[in-house]
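Asks: sequence unknown, structure follows:
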């Protein structure tokens, strides 16, 4: 292959999936020249698995991406087919928005944004190698990227967002094919380049269900699942018109179930399952297993729930969530036809498993830059995570940090108490993962602070400081924050007499016996909502912002719990802020255990707080390290 010089740019982003999109947009919007490479321009922003955005824990990430100035939430709002908030029967901390998205329109929306973004060039090309050089200090740093056509681009930073394409292969029974998702070409060659650069790779696996023609499904025998409307329907993005979003026409989803016959077919064909025959080598996601894995692991269950979801307005493709499989095609047909409502189902796309290369994420700093190569960043499934939302969150942070580094500015590292994004990245780079990592609300010890309704309060000032939040957006944020603060203050300082309150409470089996009660104290009663007490609140201001109303109610109801978590954050803040010098030689730290020394040397934590969360590091090790640092400031 003859190489030629194609030009220069600040940043090259490899892959235009959800991570690559956010990485490229954030860097370009910060004024850097960006090259976004993709194997196929028609797959930009593709949703190769489920046609949805959000979900438990994941919805929080989308709100946080939007609060920082990212794109996913706005695009998802624009193509929403149905909106639902999960876990409403539980506390506000775990309420999670999930939307069914029009798959094709999402791709079009994202591609249009990319094509019209200043400083960004979208290029169909496969990157097969990354070249490095040593700087004046002897540190290895990126120099250029080379395409399969021989084009050499000189760059200052590279962000790898390869998704599930690295040396990927799809598997359906005995049929194994070198392929990316959706029949796209795999990325061949870059894995070997990364190994040559000294980067440790892992092999992971994920899968997807069949797509079925809607006209071949008997929807009349399925359970219907409608979306939320009105005041419940709050968009992901600050930019989306709330009234228009709440009034949109939504498409229903449906629910189906496997049965004993489905399970019998699966059990009789387990010998042909790549999962159990040894054909699949990669580690799959624990929280999104294939249907054959569920039948084996949960053998006591007589049925499993399946979600019947539309892929778009202009397509008949239906996605059968929960029916992921890698069994042979003819077995899949038998399984499918055993399900009530699917007796005559016609498959448009067969289910498959996909294996791909990714990295051990402990090779990264919390900035998502490789410790061993300056200017090389990773984001998304390349880092061992799963899911569109986790990918987009990492892409946004990688794009920001690559840009800040080139500008010579301080990097952005989000703390665990600030965001789920901070939790996600901290988990990956300090603990690593031996399976595709999925965000869940249970992963955060601060989840009452990290609610969907206050994502803008937590992160919009950070987005503004970085440079991704414009004046108009920031002014709207400040107005909302003042509105929320003023209303909470009014509720706390507006008192009602027992004579006025008790008739209202008596209808609900409640009463007050004190001299009076504030509106805030009344609202803290679990049986009452902000809307319920409106009849007692003649001076209530008119608040049309649904997100603000939710923030007001949640902040008042959970005030005591929130204060406890804030106190916990304050106790740990000192350790989180205490930086460990990058040049520390852990062999000089006497009194620390050998295992701890090896772990610290491998992970190179940036702070004492981060060091304390590394598996194998004990409180005693942290104490010894603190003493050493106090006596040997570097």
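Replies: Yep, it's here. From a predicted model like this one, the values you see are computed outputs, not experimental measurements.
Asks: which residues of this protein score low on pLDDT?
Replies: Low-confidence segments of the chain (pLDDT under 70): 287, 634.
Asks: helices or strands up against the longest helix anywhere in it?
Replies: Of all segments of type helix in the chain, defined using DSSP state H, the longest is helix 471-492. Packing partners of helix 471-492 (3 or more C-beta pairs under 8 Å, 6 or more residues apart in numbering; DSSP states H and E): helix 455-466, helix 519-523, helix 546-557. Any C-beta I mention is one placed from the backbone N, CA and C, and that applies to glycine too.
Asks: Find the residue closest to residue 142 in space, skipping its chain neighbours.
Replies: residue 375 (4.1 Å; C-beta to C-beta, 6 or more residues apart in numbering).
Asks: does that neighbour really touch residue 141, like I thought?
Replies: Yes - counting by C-beta atoms under 8 Å, residue 375 does reach residue 141; the two are 4.9 Å apart.
Asks: So between the two, which is more surrounded?
Replies: residue 375 (23 against 15; other C-beta atoms under 10 Å).
Asks: contacting residues for that one?
Replies: Residue 375 sits next to 141-142, 156-158, 369, 402, 405 when contact means C-beta atoms under 8 Å, 6 or more residues apart in numbering.
Asks: Can you flag the buried ones in those residues?
Replies: The neighbour-count test (16 or more other C-beta atoms under 10 Å) marks 142, 156-158, 369, 402, 405 as buried among those.
Asks: Reformat these as a markdown table; add distance to residue 192 and secondary structure.
Replies: A markdown table is the format used below for the buried ones among the contacts of residue 375 (distance: C-beta to C-beta, whole Å; DSSP: H, G, I helix; E, B strand; the rest coil):
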| residue | distance to residue 192 | secondary structure |
| --- | --- | --- |
| 142 | 17 | strand |
| 156 | 24 | coil |
| 157 | 22 | strand |
| 158 | 16 | strand |
| 369 | 22 | strand |
| 402 | 24 | helix |
| 405 | 27 | helix |
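Asks: Closest to residue 411 out of the residues you listed?
Replies: Using C-beta to C-beta, residue 405 comes nearest to residue 411 of these, at 6.6 Å.
Asks: How about the contacts made by the closest one?
Replies: Here residue 405 is in contact with 157, 367, 369, 375, 411 (C-beta under 8 Å, 6+ apart).
Asks: would you turn these into TSV with distance to residue 421?
Replies: Converted to TSV, the contacts of residue 405 look like this (distance: C-beta to C-beta, whole Å):
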residue	distance to residue 421
157	20
367	13
369	16
375	22
411	14
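Asks: hmm, back to that, after the longest helix of the chain, next one along is what?
Replies: For helix 471-492, the succeeding helix or strand toward the C-terminus, using DSSP states H and E, is strand 495-496.
Asks: what does that following strand contact?
Replies: Residues contacting strand 495-496 (C-beta under 8 Å, 6+ apart): 516-519, 522, 536.
Asks: List only buried entries from these.
Replies: Using 16+ other C-beta under 10 Å, the buried ones in these are 517-519, 522, 536.
Asks: and the two most separated of these?
Replies: 518 and 536 (11.2 Å).
Asks: quick revisit: tell me the one of the contacts of residue 405 nearest residue 184?
Replies: Distances from residue 184 to the contacts of residue 405, taken by C-beta to C-beta, are shortest for residue 157, at 25.8 Å.
Asks: Report the contact partners of that closest one.
Replies: Residue 157 makes contacts with 10-12, 142, 375-377, 402, 405-406, as judged by C-beta under 8 Å, 6+ apart.
Asks: The same query, at a cut-off of 6 Å, please.
Replies: 11, 375, 402 (C-beta atoms under 6 Å, 6 or more residues apart in numbering).
Asks: For residue 210, see how far away the first one is.
Replies: Using C-beta to C-beta, to the nearest Å, we find residue 11 at a distance of 38 Å from residue 210.
Asks: The two: who's more crowded?
Replies: Neighbours of residue 11 and residue 210, each counted by other C-beta under 10 Å, are more numerous for residue 11; the result is 31 against 24.
Asks: who's in contact with stretch 613-626?
Replies: Under C-beta under 6 Å, 6+ apart, the answer for stretch 613-626 is 430-431, 591-592, 595-596, 599, 603, 611-612.
Asks: now, the most widely separated pair of those?
Replies: Maximum distance among the contacts of stretch 613-626 (C-beta to C-beta): 24.6 Å, for 431 and 591.
Asks: Give me the more crowded residue out of the two.
Replies: residue 431 (15 against 11).
Asks: Could you measure from that one over to residue 392?
Replies: Noted for residue 431: a distance of 21 Å to residue 392, by C-beta to C-beta.
Asks: go on, residue 289?
Replies: Counting by C-beta to C-beta - residue 289 and residue 392 are separated by 24 Å.
Asks: Looking at the two, which is more packed in?
Replies: The neighbour comparison of residue 289 against residue 392 (other C-beta under 10 Å) goes to residue 392, with 33 against 18.
Asks: thinking that one is in contact with residue 22, fair?
Replies: Yes - Residue 392 lies in contact with residue 22 (C-beta atoms under 6 Å); the separation is 4.7 Å.
Asks: Next, count neighbours for residue 393.
Replies: Applying other C-beta under 10 Å, I find that residue 393 has 34 neighbouring residues.
Asks: element containing it, please.
Replies: Residue 393 belongs to helix 388-407, assigned by DSSP H and E.
Asks: which stretches of the stretch 501-634 of the chain form strands?
Replies: Taking DSSP state E, counting those that start in this stretch to define them, one finds strands in the stretch 501-634 of the chain at 517-518.
Asks: which residues sit against stretch 226-243?
Replies: 62, 66, 73-74, 76-77, 82-84, 245-246, 250, 252, 546-547.
Asks: let's see 7 Å
Replies: Stretch 226-243 has contacts (C-beta atoms under 7 Å, 6 or more residues apart in numbering) with 62-63, 66, 73-74, 76-77, 82-85, 97, 245-246, 250, 252, 456, 473, 476, 546-547, 550.
Asks: Now, these that are in helices?
Replies: Reading helices off these with DSSP H, I get 62-63, 66, 73-74, 76-77, 245-246, 456, 473, 476, 546-547, 550.
Asks: wait, which of the residues you listed is closest to residue 464?
Replies: So of the ones in helices among the contacts of stretch 226-243, ranked by how close each gets to residue 464 (C-beta to C-beta), first place is residue 473, at 8.2 Å.
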